[in-house]
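Participant: I'd like to go over a predicted model; first the sequence, then the structure.
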Amino acid sequence: MNLKVGDQVVVIAGKDRGKEGKIVKTLKNENKVVVEGINMIHKHVKPNGGNAGSIVDMEAPIHASNVMIVDPKTKKRTRIGHTVDKKGNKVRVAKKSNSNLD
């Protein structure tokens, strides 16, 4: 998976198609990401100790194939490529503008 925490992404499939947000968490084993404000669900929390029960709105994971990274230069969605920089490190680049994403 080429996505990292903090990347700005846009949803390309599902009920939240077209919405943008930052990645809060990545679940590499499941190939899913949690994006702030996307795929919101209502979680029912039981009363525990002195705390009363409630209904909490939270983000659910979305499959990584349903999001694309936003190009920092063009502000449009793009694919991710890899190149080697001058120091010999492998870096992520945006395919549309060839700009560095790391």
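Facilitator: Received, thanks. Note that the coordinates shown come from a computational prediction; the quantities given were computed from them, not determined experimentally.

Participant: just give me the neighbour total for Val91.
Facilitator: Residues lying near Val91 (other Cβ atoms under 10 Å) number 13. Every residue, glycine included, has its C-beta placed from N, CA and C.

Participant: what comes up buried for whichever strand or helix holds it?
Facilitator: When elements are assigned from DSSP states H and E, Val91 belongs to strand 90-94. Using 16 or more other Cβ atoms under 10 Å as the test for burial, strand 90-94 gives 92-94.

Participant: that one: how far from the chain's middle?
Facilitator: From the chain centre to the centre of strand 90-94 is a distance of 17 Å (Cα atoms, centre = their mean, to the nearest Å).

Participant: quick one: list the elements packing against it.
Facilitator: The contact analysis (3 or more Cβ pairs under 8 Å, 6 or more residues apart in numbering; DSSP states H and E) places strand 90-94 against strand 80-84.

Participant: Lys96 is in contact with Thr74, correct?
Facilitator: Yes - if you go by Cβ atoms under 8 Å, Thr74 and Lys96 touch, sitting 5.7 Å apart.

Participant: export only the CA atoms of the strand holding Val91, formatted as PDB.
Facilitator: Only the C-alpha atoms of strand 90-94 are listed here, as PDB (Å, rounded to 0.1, in the frame of the first residue of the first chain):
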ATOM      1  CA  LYS A  90      13.300   5.600  -2.900                       C
ATOM      2  CA  VAL A  91      10.600   8.300  -2.900                       C
ATOM      3  CA  ARG A  92       7.000   8.600  -3.900                       C
ATOM      4  CA  VAL A  93       6.100  10.900  -6.700                       C
ATOM      5  CA  ALA A  94       2.800  12.100  -8.200                       C
END
